[in-house]
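**Q** Take a look and give me a structure for this.
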Amino acid sequence: MTRALSHRRFFAGIGTLSLRPFDLTEDVTTLHGWVSQPYARYWGLLNASVDDVHAEYLRIAQSGHHRAFLGEHDGRPAFLMERYEPSYDAVGKLYDVAPGDIGMHVLVAPPDQRIPGFTGAVFETILDCLFRDPLIDRIVVEPDVRNTKIHALNERMGFRKHSIVDLPNKQAWLSLCTRDQYAEATRMNEAG
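**A** From the prediction side, this is the model:
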């Protein structure tokens, strides 16, 4: 997980979405502005200070198995993606982790203006980036059971619900998406 990761993709009608490593010096204030808003309640940092967010992302950066990436829309911060190795996470104790599994979290910034299809394009950018790594066979997510919007988007992108699991800070739907499930979902999404 020490290798730098970046990715860029253009979507007609939306623009260019890109991912780059999260910068603790430059990006913490922006991220704090997102995670401290009510829409981000499932992120668990509503009452966090900027220093709290910095400490959390410093911990992530130093872990060796969890990394954060800032997503940009036409060069402006627009989303956050975290990738983690499930075998080092609490979720890894709740299902049979397979070689090639990678965990993912995503948070989309509050929009300045609504762009139809934007969140789906963010997900495609992230999943394309992750599956670009030939060692990744399956992506693992564990959103809060109450987060119905993310469950619908996960399903649209090819994730299949595995089980409801109890994690230290939430009850979550453990869901999995293989490379083939994602490819099939994108074919179906393009077909309409």
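
**Q** in this protein, which ranges drop under the pLDDT threshold?
**A** 1-5, 192 (pLDDT under 70).

**Q** residue farthest from the centroid of it?
**A** residue 191 (24.8 Å; CA atoms, centre = their mean).

**Q** For the closest residue to residue 13 other than its chain neighbours, which residues are in contact?
**A** Nearest residue to residue 13, sequence neighbours excluded (CB to CB, 6 or more residues apart in numbering): residue 117, at 7.1 Å. Every C-beta, even on glycine, is put in place using the N, C-alpha and C of the backbone. For residue 117, the contacting residues are 11, 13, 14, by CB atoms under 8 Å, 6 or more residues apart in numbering.

**Q** Contact partners for the last one?
**A** Yep, that's residue 14 we're talking about. Taking CB under 8 Å, 6+ apart, one finds 73, 115, 117, 118, 121 in contact with residue 14.

**Q** how close does the fourth one get to residue 42?
**A** Separation of residue 118 from residue 42 (CB to CB, to the nearest Å) stands at 19 Å.

**Q** Can you tell me how far residue 175 is from residue 130?
**A** Counting by CB to CB, the gap from residue 175 to residue 130 is 14 Å.

**Q** nope, residue 61 is what I meant
**A** 19 Å.

**Q** unless I'm mixing things up, residue 174 is touching residue 166, no?
**A** No - between residue 174 and residue 166 there is no contact under CB atoms under 8 Å: 10.4 Å.

**Q** List phi and psi for residue 53.
**A** phi -60, psi -40 (degrees, to the nearest 10).

**Q** Is it correct that it is in contact with residue 33?
**A** No - taking contacts as CB under 8 Å, residue 53 lies outside contact range of residue 33: 9.5 Å.

**Q** okay, these two: which has more neighbours?
**A** A count of neighbours by other CB atoms under 10 Å puts residue 53 above the other of residue 53 and residue 33, at 22 against 15.

**Q** How about that one, nearest residue that isn't a chain neighbour?
**A** residue 32 (4.5 Å).

**Q** Name the residues of the helix or strand hosting the one you found that come out as buried.
**A** Taking DSSP states H and E as the criterion, residue 32 maps to helix 24-35. By 16 or more other CB atoms under 10 Å, the buried positions in helix 24-35 come out as 27, 28, 30, 31, 32, 34, 35.

**Q** before we move on, what about stretch 50-57?
**A** Buried, per 16+ other CB under 10 Å, within stretch 50-57: 53, 54, 56, 57.
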